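Colleague: Can you look at this prediction? I've put the sequence above it.
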Amino acid sequence: MESWRRCLGDISISKLFSRNYESPIGSLGLLADEDFLLEISLQGIEYLSLKGERSNGRFAKELIELDEYFKGERKKFTLKYKVNASNFANKVYKEMVRIPYGKTIPYSKLASNIGKENAYRAVGTACGKNKLPIIIPCHRVVAKDGLGGFGGGLDCKRFLLELETN
């Protein structure tokens, strides 16, 4: 099938592909273009923000790395991904990727790390809008006195944190 391109404002989108991935935390929806992983839905393929052609072959590397992660064998992802976010959110995501496997930091510390000491609520908002949970590990960002929130629910966040510390 021939590639097509469509322009939405300043965002250019290639042909999209999607598939479900069965994980220990449930069915994850994966969305990608020909080159980059674009989104992971913790609620499955039906909850992806865009629809893609169903494809098993497109996601070979993503499936290997996710399998390795859930087996406790992978601590860093090497997948090519693309995020369409604000400058602030991109700073938050770059800092989140630097949080070591098995460690957590409070929202306020992440805000301080990006030079925005009082922006801990905005950090939480950016975490909530993260289109690539697990890959960009927003589950490693916690409240000072508890877990904080998580798009997949707190049981899912607990599972991921326990996976990484055991």
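Modeller: Arrived safely, thanks for sending.

Colleague: Tell me how the chain divides into domains.
Modeller: Residue ranges of the domains in the chain are recorded as 6-70, 87-165, according to automatic domain parsing.

Colleague: Give me the number of neighbouring residues for residue 144.
Modeller: Neighbouring residues of residue 144 were enumerated by other Cβ atoms under 10 Å; the total is 10. In short, each C-beta sits where N, CA and C put it, glycine included.

Colleague: Need the pLDDT of it.
Modeller: Reading off the per-residue confidence, residue 144 sits at a pLDDT of 90.

Colleague: I figured it hits residue 111, correct?
Modeller: No. With contact defined as Cβ atoms under 8 Å, residue 144 does not reach residue 111; the gap is 11.7 Å.

Colleague: quick revisit: mean neighbour count, the domains of the chain: which tops it?
Modeller: domain 87-165 (a mean of 18; mean count of other Cβ atoms under 10 Å).

Colleague: can you redo the domains of the chain as CSV with distance to residue 80?
Modeller: What follows is the domains of the chain, written out as CSV (distance: least, Cβ to Cβ, whole Å):
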stretch, distance to residue 80
domain 6-70, 5
domain 87-165, 10
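
Colleague: tell me the phi and psi of residue 26?
Modeller: Torsion angles at residue 26 (phi, psi; degrees, to the nearest 10) stand at phi 110, psi -170.

Colleague: if we look at stretch 133-143, which residues are touching it?
Modeller: Residues from elsewhere that reach stretch 133-143, judged by Cβ atoms under 8 Å, 6 or more residues apart in numbering: 37, 40, 42, 66, 69, 77, 79, 81, 83, 93, 96-97, 99, 103-107, 110, 123-124, 127-128, 130, 148, 150-152, 156-157, 160-161, 164.

Colleague: repeat that with 7 Å
Modeller: Counting by Cβ atoms under 7 Å, 6 or more residues apart in numbering, the neighbours of stretch 133-143 from elsewhere in the structure are 37, 40, 42, 69, 77, 79, 81, 93, 96-97, 99, 103-107, 110, 127, 130, 148, 150-152, 157, 160-161.
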